[in-house]
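> structure here, sequence nowhere to be found:
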């Protein structure tokens, strides 16, 4: 058996190795052409002078096991289905399947015969050169309504406002100077009242200036509650009040 | 004077027949009546009359080009008397070397299609992968969706080329499946006879 070398579509090598690979599930039994293995074995026997009965027996056992493996791989679910059937039903089912295959074999023979009969028919073969047909056609349209639809499409769209592109941000330094001079004159002031007349952009820049002054420690900020008016006072004034409170 | 004149008058669909003839010469596959009507901008009845006229003109023994009704349409082919000359110059790539496995697979797809490779393997008892691939490559079968929607096994059906190669007007021209092979009852009887013989 060891001398049997195989050259199949799915495998090339000694028969023993094929069996090992199948048992390790590294090869699919359904891919193996068992008829080709039998042919190789018969050729091997023919080459030898004496018929080795032991080798033949061993081969028969192995190849039938292989056939069973392949059959199970081909019909995994159906094997279970058939096992559940009564012997009579199983025979019926088997007969039905054999009849189905027999009919297909006959149909194949009919096709083969037909092919031979039609051998004298020659015709042009080629890719389908038909022009692609539109999926669906448009319903008939009234020319006036089409013109109206086109006119609506041809109307230029309204001008888009570019006003927001022209925003000018006043320099932060302008508000720094303004708040410093204000605190030079007064001890404290109300931020909201001071910037209430300005635009939103100017108010935002003013707030930045305020935060800048707080960061450098020049002013102190107080707000009773979120969104309540912001009270701005000189930093030294705040310290004076705190000192007075502590010494009291 | 009227009747002799009417006798020699040209066939009323002669002009249409020439148009249909031209369409069939250009086509590389059979054209249906609907396609001919659309291209010729004429009605089905007149196109059928024109085809009748062409059938007479392009018949075996009368012309080297024969009009045939095949694969759900009409097509020109070479006359049978010219087949030997055709065979010396042209190849038949579609049917050359079709194996027994491929013919059985083709029969299953033609009768039971659309069907998948596992279904074909169930009937034939061996994997059908290479036979299916070879038939797809030859253009005799083509994919036709999947079993149970997306993710299922690919299903196959025969193509118009199959009908044309086998000279069938449609799949309905295949012999009835019931008329082929033995029926299940006969096979069952034979199985039982073998079982009895072994038991005794």
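Done, it's in. Keep in mind that what you see is a predicted model, and the values were worked out from it rather than measured.

> now the residue most central in space within chain B. Its backbone dihedrals?
Centroid check for chain B by C-alpha atoms, centre = their mean gives residue B:163 as the closest residue, at 1.0 Å. Backbone torsions for residue B:163, taken as degrees, to the nearest 10, come to phi -60, psi -40.

> just checking, it touches residue B:174?
No - contact criterion C-beta atoms under 8 Å: residue B:163 and residue B:174 do not qualify, at 9.5 Å. Glycine gets a C-beta too; all of them are placed from N, C-alpha and C.

> can you get me a residue count around residue B:145?
Other residues lying near residue B:145 total 14 when counted by other C-beta atoms under 10 Å in any protein chain shown.

> try residue B:32
Counted with other C-beta under 10 Å, residue B:32 comes out at 12.

> identify the residues contacting it.
B:72, B:73, B:74 (C-beta atoms under 8 Å, 6 or more residues apart in numbering or on different chains).

> make JSON lines from the residues you listed and add neighbour count, pLDDT and distance to chain A to it.
Listed next are those as JSON lines, based on neighbours: other C-beta atoms under 10 Å in any protein chain shown; pLDDT from 0 to 100; distance: C-beta to the nearest C-beta, whole Å:
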{"residue": "B:72", "neighbour count": "16", "pLDDT": "90", "distance to chain A": "14"}
{"residue": "B:73", "neighbour count": "22", "pLDDT": "93", "distance to chain A": "11"}
{"residue": "B:74", "neighbour count": "23", "pLDDT": "95", "distance to chain A": "12"}
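
> possible to save these as CSV with secondary structure?
Formatted as CSV, the contacts of residue B:32 follow (DSSP: H, G, I helix; E, B strand; the rest coil):
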residue, secondary structure
B:72, coil
B:73, strand
B:74, strand
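
> so is the lengthiest helix in chain A next to chain B?
For chain A, the longest helix by residue count, based on DSSP state H, is helix A:87-117. Yes - under the criterion of C-beta under 8 Å from any C-beta of the partner chain, chain B is reached by helix A:87-117 at A:91-92, A:94-112, A:114-115, A:117.

> type out the ChimeraX command that picks the buried ones from the residues you listed.
Selecting only the buried entries of the residues of helix A:87-117 next to chain B in ChimeraX, with 16 or more other C-beta atoms under 10 Å in any protein chain shown as the criterion:
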select /A:91,92,94,95,97,98,99,100,101,102,103,104,105,106,107,108,109,110,111,112,114,115
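
> tell me the helix or strand right after the helix or strand of chain B at the bottom of the mean pLDDT ranking.
Every helix and strand of chain B was ranked by mean pLDDT, DSSP states H and E. The lowest is helix B:2-8, at a mean of 49. Scanning forward in sequence from helix B:2-8 by DSSP states H and E, the next helix or strand is helix B:14-26.

> helices or strands next to that next one in the packing?
helix B:33-40, helix B:44-57, strand B:73-78 (3 or more C-beta pairs under 8 Å, 6 or more residues apart in numbering or on different chains; DSSP states H and E).

> flag the shaky bits of chain A, pLDDT-wise.
A:1-3, A:9-10, A:75-83, A:127-137, A:237-248 (pLDDT under 70).

> outline the domain layout of it.
Annotated domains of chain A cover A:5-74, A:86-117, A:169-247 [automatic domain parsing].

> now these in JSON lines, with distance to residue B:170?
Output for the domains of chain A, formatted as JSON lines (distance: least, C-beta to C-beta, whole Å):
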{"stretch": "domain A:5-74", "distance to residue B:170": "33"}
{"stretch": "domain A:86-117", "distance to residue B:170": "14"}
{"stretch": "domain A:169-247", "distance to residue B:170": "79"}
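
> that older thread, ok, the residue nearest to the centre of chain B - contacts?
B:70, B:71, B:72, B:169, B:170, B:171, B:173.

> repeat for residue B:168
If you count contacts by C-beta under 8 Å, 6+ apart, then residue B:168 has B:70, B:71, B:162, B:174 around it.

> so of those, which ones are in helices?
Those of these lying in helices (DSSP H): residue B:162.

> the contacts of residue B:168: which ones sit near chain A?
Okay, of these touching chain A (C-beta under 8 Å from any C-beta), that's residue B:174.

> looking at the contacts of residue B:168, which are in strands?
residue B:70 (DSSP state E).

> adding neighbour count and pLDDT, write the contacts of residue B:168 out as TSV.
Putting those into TSV (neighbours: other C-beta atoms under 10 Å in any protein chain shown; pLDDT from 0 to 100) gives the following:
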residue	neighbour count	pLDDT
B:70	23	91
B:71	24	89
B:162	23	91
B:174	19	88
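
> what's the nearest residue to residue A:36 if we skip its chain neighbours?
residue A:8 (5.3 Å; C-beta to C-beta, 6 or more residues apart in numbering or on different chains).

> against chain B, how distant is residue A:14?
To chain B, residue A:14 is 23 Å away according to C-beta to the nearest C-beta, to the nearest Å.

> correct me if wrong: that residue contacts residue A:20.
No - counting by C-beta under 8 Å, residue A:14 does not reach residue A:20; the two are 9.5 Å apart.

> same drill for those two, tell me which one is more crowded.
More neighbours surround residue A:14 than the other of residue A:14 and residue A:20, with 15 against 12 (other C-beta under 10 Å).

> quick check: phi and psi at the more buried one.
According to degrees, to the nearest 10, residue A:14 has phi -70, psi 150.

> the closest residue to it other than its chain neighbours: how many residues sit nearby?
If the residues on either side of it in the chain are set aside, residue A:14 comes closest to residue A:5, at 5.8 Å by C-beta to C-beta, 6+ apart. When neighbours are defined as other C-beta under 10 Å, residue A:5 has 12 of them.

> I'd guessed residue A:5 sits against residue A:41; true?
No - counting by C-beta under 8 Å, residue A:5 does not reach residue A:41; the two are 10.7 Å apart.

> give me the common contacts of the two.
residue A:15.

> ranges for the helices of chain A?
With DSSP H as the criterion, chain A has helices spanning A:15-23, A:34-47, A:53-74, A:76-83, A:87-117, A:143-154, A:172-185, A:191-195, A:200-215, A:235-247.
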